[in-house]
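1. below are the sequence and a predicted model for it; my questions follow.
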Amino acid sequence: MCIRDRLGNGLLLGVIIALGSVALSLLYGVTRIVNFAHGEIIALGAVMTLFFSSSPDSSLLFFDRYSPIGINFFGSIVISIILCGIFGASLEIFLFRPLRKNNFGNIAVLVVTIGLSIFLRHIYLLFASAKPSSFILELQRREDYFGIQLTPRNVQVLVLGFIVMILVGLFLTYTKTGKAMRAVRDSSDLASVTGINSDYIILVTWIFSSMLAGFTGIIQGVINNVRWNMGFLILLLIFAGTVLGGIGTSFGAMFGGFVIGVLVQLSVGLEFMDGHTEAKNALALGLMILILLIRPQGIFGTKDRIS
């Protein structure tokens, strides 16, 4: 694979990791929950989109008794993102809010997210094939865009990914709800004193983060394919991007996630990696460790957010 192909793949993976990192970082910043089930919410977006958009007689993903519906692809995307938001709200209302009200510690909640991750992953496997599946989209050839090899659809995905990240940044910076999220992130007690309903903001954060995670999964499915464990496979890189950019900082997560994604793909072409492509994450994760040794809070983080 030539350098232009690797760079193109790096940009695509960078967008996926950046979006996933923003969703994870936003949730951690407001709730202080390290969500190991984040990958399964990512997979949910892709799996639901495949289910809704595949033709009714298709058995690509589901067993015969769970026939796909055959809705328009873009309609399927909207429905799936909404369902991810509803799923996130359900997790907050029925699981994490009761844990919070009963003063469960961070370690206990962490263990719950790990258990939830394993549970959801195997629920997907009960209903889905273990084989990778693809959205029913037209095949396209790679073309040259400013010296980078990409398909037209991949260019659209890149542009859409950047637009979504810009919109997320504008939402957090200029909207009343976004400012309230940042206030709860900085200090939930002070936010409550100023009249902000912390429980409501946490609920909105779960919904927003889950919808963004679902969108991340759909983009990942468009670029690659849909697997029952697709979110789990990139979860380590998403954590790396979040930590590298700065824990609890959405803007840092965008930067960190993008850097991690690009480095992972570019490292495939290094001479010492020849024949060891399964170790392509090593360079990016090594850089993360090196930076954290120098700056434990990440590139854009502050020390109070890692406590």
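-> Ah, there it is.

2. CA atoms for contacts and neighbours, from now on please.
-> Noted.

3. show me the shaky parts of the stretch 1-150 of the chain.
-> 1, 55-69, 128-129 (pLDDT under 70).

4. can you show me the strands along the stretch 1-150 of the chain?
-> Using DSSP state E, counting those that start in this stretch, the strands of the stretch 1-150 of the chain run over 143-145, 148-150.

5. can you lay out those strands as CSV showing mean neighbour count and distance to residue 253?
-> CSV is the format used below for these (neighbours: other Cα atoms under 10 Å; distance: least, Cα to Cα, whole Å):
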stretch, mean neighbour count, distance to residue 253
strand 143-145, 13, 26
strand 148-150, 20, 25
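
6. out of those strands, flag the one nearest residue 103.
-> strand 148-150 (49.6 Å; Cα to Cα).

7. the closest one pairs with which strands?
-> Strand pairing for strand 148-150, using DSSP bridges, gives strand 143-145 (antiparallel).

8. ok, and what's touching the partner strand?
-> Contact with strand 143-145 is made by 149, 150, 151, 152, as judged by Cα atoms under 8 Å, 6 or more residues apart in numbering.

9. repeat that with 7 Å
-> 149, 150, 151 (Cα atoms under 7 Å, 6 or more residues apart in numbering).

10. can you give me the neighbour number for residue 119?
-> 14 (other Cα atoms under 10 Å).

11. look up the closest residue to residue 267, ignoring the ones flanking it.
-> Leaving aside its chain neighbours, residue 267 sits nearest to residue 280 (5.9 Å; criterion: Cα to Cα, 6 or more residues apart in numbering).

12. list the contacts of that neighbour.
-> Residue 280 sits next to 264, 267, 268 when contact means Cα under 7 Å, 6+ apart.

13. tell me the spacing between it and residue 82.
-> 34 Å (Cα to Cα, to the nearest Å).

14. tell me which stretches of the chain form helices.
-> For the chain, the helices defined by DSSP state H occupy 3-31, 38-53, 73-91, 97-101, 106-127, 152-174, 176-186, 188-193, 198-223, 230-245, 250-266, 281-294.
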